[in-house]
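Undergrad: this is a predicted model, with the sequence first.
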Amino acid sequence: MDIPSNIMRRSKELARRDHTTLRELVHEGLELVLERREAPSRATVKPVTFRGQGLAPQFREARWSRLRDAAYEGRGS
């Protein structure tokens, strides 16, 4: 492997400071990269917001059941 000298220097310093070996750092780094790349990608969810000040005053302290009932009010049984 051809590792740039600045990365090798920093890696050796870290290994010395953490009382470990360069081999262990490489092993740990490869594990992290493999886990990240093999993990299924998560879709980012953009938060849905509306202009205003959040919930209407009558719902700010309401329980979920009250919010649900109001959302479905007049929509059947």
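TA: All right, it came through fine.
Undergrad: for stretch 14-34, buried residues please.
TA: For stretch 14-34, the neighbour count (16 or more other Cβ atoms under 10 Å) marks Ala15 as buried. Just so you know, the C-beta spots here come from the backbone N, C-alpha and C atoms, and that holds for glycine as well.
Undergrad: now that stretch: average pLDDT?
TA: The average of the pLDDT scores along stretch 14-34 is 96.
Undergrad: kindly report the same for stretch 56-67.
TA: Per-residue scores along stretch 56-67 average to 89.
Undergrad: mind listing residues that contact it?
TA: Residues from elsewhere that reach stretch 56-67 (Cβ atoms under 8 Å, 6 or more residues apart in numbering): 54-55, 70.
Undergrad: in CSV, list these along with distance to Val26 and secondary structure.
TA: Converted to CSV, those look like this (distance: Cβ to Cβ, whole Å; DSSP: H, G, I helix; E, B strand; the rest coil):
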residue, distance to Val26, secondary structure
Gly54, 50, coil
Leu55, 52, coil
Ala70, 58, helix
